[in-house]
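Asker: Pasted the sequence and its predicted model underneath.
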Amino acid sequence: MKPYRLAAAVVAFALLIGCRQGSLEQTAVALSGSSSMEEVVRALGEGFMERNANIIISPQFGGSSQGIRDVADGKADIGNISRELTDEEKKDLDGVTIALDGIAIIVHPDNRVAGLTLRQLADIYTGKVRNWDQVGGADLPIVAIGRDAASGTRTSFEALLGVSGQCLYGQEKDSSGGIKIAVEAAPGAVGYVSLEAAKADSRTKKIALEGVEASEKTIRDGDYPLARPLLMVVPKGEPLPMAAQAFLDYVLSQEGQEVIRSQSLVPVRR
């Protein structure tokens, strides 16, 4: 797994963005971006608002690309993205990693396949493997389900797997929840979701990759192969409104990082 220089990113981010002078009363912080970050952003917002009753955290979840556009257009104070910034995006945006997440692979609970290699997974999503009996399962056609083109999860999944722009999706969904519903409904389906969305239940089954299960420990230790950073981004070189800076400070605080851990994500501070 690529190492993330988390401490350096946090320090650099703090130096690059400052606080505007002003009151924190009767104001709102607009966030936009990754639907994979919806649960954690809502939990962080609730925790922050309990301590700051006069500030409203107002998030929208239209995908990582939407979050980047909204920050660039001044429609959002903070963008939530579930992938790395591109070199082009870094010209206009500053970002900080707030957590690490694993992209978990899920199948129907009746599927007897317990794990795949990265090569097998790549072959499934590029259409080279079309039946589960080719990877140790039942004689059942595979339905490869993925996220829509605006999704940071999709961008990260394809990049980490080395198949960017090559996937042949049987279905595309606009959220992790949509993928879970589709996998629940089709015995031959396979999908990818954030670790938080793959919490154990009886309706889908999380499978291992290269013999490693997605978990906080395997992601933190770098053992799980499909791991990606979750970022909050702001305009480069511009001071944030005071309320937005206060929210970012909370996200990176010990309390905020515990909220992140409670959402089955890997905090950047232990």
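Answerer: Yes, it's here.

Asker: which residue ranges form the strands in this structure?
Answerer: 27-33, 55-60, 78-81, 93-107, 115-116, 143-147, 171-173, 189-194, 205-209, 227-235, 266-267 (DSSP state E).

Asker: Redo these as TSV? Include mean pLDDT and mean neighbour count.
Answerer: Placement of C-beta: from N, CA and C, glycine included. Below are the strands of the chain laid out as TSV (pLDDT from 0 to 100; neighbours: other CB atoms under 10 Å):
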stretch	mean pLDDT	mean neighbour count
strand 27-33	96	23
strand 55-60	96	18
strand 78-81	97	29
strand 93-107	94	24
strand 115-116	98	20
strand 143-147	97	23
strand 171-173	96	18
strand 189-194	95	27
strand 205-209	96	19
strand 227-235	94	24
strand 266-267	91	22
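
Asker: Nearest approach to Thr126 belongs to which of these?
Answerer: Taking CB to CB, strand 143-147 is the member of these nearest to Thr126, at 8.9 Å.

Asker: Show me the helices in the stretch 1-150 of the chain, by range?
Answerer: In the stretch 1-150 of the chain, the helices defined using DSSP state H, counting those that start in this stretch lie at 6-16, 38-51, 64-72, 118-125.

Asker: most packed of the ones you listed?
Answerer: Highest mean neighbour count among the helices of the stretch 1-150 of the chain (mean count of other CB atoms under 10 Å): helix 64-72, with a mean of 23.

Asker: Which residues outside it are in contact with it?
Answerer: With CB atoms under 8 Å, 6 or more residues apart in numbering as the test, helix 64-72 has contacts from 30-34, 60, 62, 75-83, 89, 92-93, 150-153, 155, 233-235.

Asker: between that helix and strand 55-60, how many degrees?
Answerer: 130 degrees (axes from the mean of the first three to the mean of the last three CA atoms, to 10 degrees).

Asker: any idea how far helix 64-72 is from the chain center?
Answerer: In terms of CA atoms, centre = their mean, to the nearest Å, the centre of helix 64-72 is found 15 Å from the chain centre.

Asker: Ok, stretch 38-56 next?
Answerer: 19 Å.

Asker: switch to numbering from 160
Answerer: With 160 as the first residue, the last one maps to stretch 197-215.

Asker: Give me the residues contacting that stretch.
Answerer: With CB under 8 Å, 6+ apart, stretch 197-215 has contacts from 183-188, 190, 216, 218, 220, 239, 258, 334, 355-356, 389, 402, 405-406, 409-410, 414-415, 418-419, 421-422, 424.

Asker: ok, back up a step: of the strands of the chain, give the one that comes closest to Tyr284.
Answerer: Comparing the strands of the chain by CB to CB, strand 302-306 comes nearest, at 5.2 Å.

Asker: now for that closest one, which elements pack on it?
Answerer: helix 277-284, helix 311-320, strand 330-332, helix 335-344, strand 348-353 (3 or more CB pairs under 8 Å, 6 or more residues apart in numbering; DSSP states H and E).

Asker: Let me have those in a markdown table, adding distance to Leu299 as columns.
Answerer: As requested, those are arranged in a markdown table below (distance: least, CB to CB, whole Å):
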| stretch | distance to Leu299 |
| --- | --- |
| helix 277-284 | 12 |
| helix 311-320 | 22 |
| strand 330-332 | 16 |
| helix 335-344 | 13 |
| strand 348-353 | 10 |
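
Asker: From Pro388, how far out is the closest residue in space to Thr276 that isn't next to it in sequence?
Answerer: Once flanking residues are discounted, Thr276 sits nearest to Glu369: 5.9 Å by CB to CB, 6 or more residues apart in numbering. Noted for Glu369: a distance of 20 Å to Pro388, by CB to CB, to the nearest Å.

Asker: And for Gly295?
Answerer: 32 Å.

Asker: got the contact list for His267?
Answerer: By CB under 8 Å, 6+ apart, His267 lies in contact with Val342, Glu343, Ala345, Pro346, Gly347, Ala348, Thr363, Lys364.

Asker: Weed out the non-buried ones from those.
Answerer: Val342, Glu343, Ala345, Pro346, Gly347, Ala348, Thr363, Lys364 (16 or more other CB atoms under 10 Å).

Asker: Nearest to Cys326 among these?
Answerer: When the buried ones among the contacts of His267 are ranked by distance to Cys326 (CB to CB), Ala348 comes first, at 14.6 Å.
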